[in-house]
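Chemist: Predicted model, plus sequence, below.
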Amino acid sequence: MNPRALPRTFRLASLVFALTLAGCATGEGDTGDEDSGSAAADVPVVSTPDVPTFDVVSPFDDVGQVDSGVVAVDAGAKDTGTPPEDVGTEPVDVGGGTVDVGTPPVDVGTPPVDAGSRDTGPTDVGTPDVGGCATGEYACGGGCVDLLRDARNCGTCGHACGEVEACSGGTCTASCAAPRMLCGSGADTRCVDVRTDAANCGRCGMACATGSACNAGACAAATCMVTASNCDANTANGCEVLHGTALNTCPAAENLGAFCGDTACGLFCPSRGLQTVATRTGNRSRWFRGRLNECSSCFAALNATLTLTVPAGVDYDLFVYSACGRLIGSSEAAAGMTDQYTLTGGGSPGSDSADFYVEVRWYSGASCMPWTLTFRARSNSATSC
């Protein structure tokens, strides 16, 4: 073993021990009396060895109390290899911005105004604005006209009829359907009802005085023409026709009949067209009823139409019910305009036959000329297509 590797205390004790043994061998340690010549005293007195009182440390003892070879403090107790906080990830992810500015909020790629080429053409003065036209009229030449009756603008603006022609239904004609007559001349030629036309009352050119109206071909007080008409030419009973008073009620409605309404019928279910199956006329409010039957085994819908044509200047409207008091639809055109309503339904397995009720209701105006109600269905038979 290398002596330098032994503990310091052990090396000091060993040195002292060696020096003591050397002293004993040379007699330096003898402190006895000198030889007196007596035999008895010529016995060397050996003094008791001076034994050191320090503790000789055995190399086998536990000398780890002061271990100079081992660090007294374990420097590995504090682990500095890993920081106490994981700072590898930021507490806030700033990799992506909170606002995406990749696309501008406003696309300025195309200018908001196309400067293009300047229009150097003439100014379009168009048609003067006359403030809007009534229903059934159109703006022509700075005014509102009825293209169905105006001989100067018949059918389209600027289309004038001939010298002895009138405009009827948008078509120029040299004759009129009864009871109307062809009256006037040139551009003023038109078909008129001489029974109600105040400028041609009873005959062409017979005009009623201001404040009067034409009733049954005779001039009469205008008040008679507000809600009623004198249609029997009897002044004794006055204006006997009260247009707004119905002749009957819904429960007592006049029967139009029952008819097939199948849109397809027969072998391979070909489509079917409409035909007129009933017609009624009148000059007062009135109620009707009818039935639309499913007569085919085809999965086809039911369809029929109700059309109400009214005299000029009078407004009658069309209301349709599935039962008295249960309205399903209406047509409310202006005075002199045609009303129409389409009955539809069915198309599912089983019978879709149904009853319906029709009300012709007066709204305004007066005329002895009648309205006409036309009922069109698929067949005039209630049991076959």
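Modeler: Perfect, thanks for sending it.
Chemist: For the stretch 51-200 of the chain, give me the ranges with low pLDDT.
Modeler: 51-132 (pLDDT under 70).
Chemist: go with 50
Modeler: Scanning the stretch 51-200 of the chain with the threshold set as pLDDT under 50 gives 54, 56-77, 79, 92, 99, 106, 113, 126-130.
Chemist: in the chain, which spans are helices?
Modeler: With DSSP state H, the ranges of helices along the chain come out as 8-26.
Chemist: per the record, what domains does it have?
Modeler: Structural domains annotated on the chain: 139-177, 194-242, 254-377, as defined by automatic domain parsing.
Chemist: Could you give me the buried positions within the shortest one?
Modeler: The one in question is domain 139-177. For domain 139-177, a neighbour-count test (16 or more other C-beta atoms under 10 Å) marks 139-140, 144-154, 159, 161, 165-168, 172-173, 176 as buried. From N, CA and C alone the C-beta is placed, and that goes for glycine too.
Chemist: tell me, which of the domains of the chain is the model least confident about?
Modeler: Note on those: domain 194-242 shows the lowest mean pLDDT, a mean of 78.
Chemist: now do the same end-to-end measure for it.
Modeler: 21 Å (C-alpha to C-alpha, to the nearest Å).
Chemist: Could you list the buried residues of stretch 263-273?
Modeler: 263-265, 269, 272.
Chemist: With stretch 307-327 instead?
Modeler: 307-321.
Chemist: Convert that stretch to CSV, retaining C-alpha atoms only.
Modeler: Taking Å, rounded to 0.1, in the frame of the first residue of the first chain, the C-alpha atoms of stretch 307-327 are listed here in CSV:
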residue,chain,number,x,y,z
THR,A,307,-113.9,32.0,-64.6
LEU,A,308,-115.9,35.2,-63.9
THR,A,309,-116.2,37.8,-66.7
VAL,A,310,-117.8,41.1,-65.7
PRO,A,311,-119.2,44.2,-67.5
ALA,A,312,-117.2,47.4,-67.9
GLY,A,313,-117.3,49.7,-64.9
VAL,A,314,-118.6,47.1,-62.5
ASP,A,315,-116.5,45.1,-60.0
TYR,A,316,-117.6,41.6,-59.1
ASP,A,317,-115.2,39.2,-57.3
LEU,A,318,-114.9,35.5,-57.1
PHE,A,319,-114.6,33.6,-53.7
VAL,A,320,-114.2,29.8,-53.4
TYR,A,321,-115.0,27.7,-50.3
SER,A,322,-114.5,24.0,-49.3
ALA,A,323,-117.6,24.4,-47.1
CYS,A,324,-119.8,27.2,-46.1
GLY,A,325,-117.6,29.6,-44.1
ARG,A,326,-114.4,27.8,-45.0
LEU,A,327,-112.6,30.0,-47.6
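Chemist: my guess is residue 272 contacts residue 264, does it?
Modeler: Yes - using C-beta atoms under 8 Å, residue 272 is in contact with residue 264, at 6.4 Å.
Chemist: and for stretch 156-171, what are the contacting residues?
Modeler: Residues outside stretch 156-171 that contact it (C-beta atoms under 8 Å, 6 or more residues apart in numbering): 138, 140-141, 145, 147-155, 172-174, 176-177, 180, 182, 184-187, 189-191.
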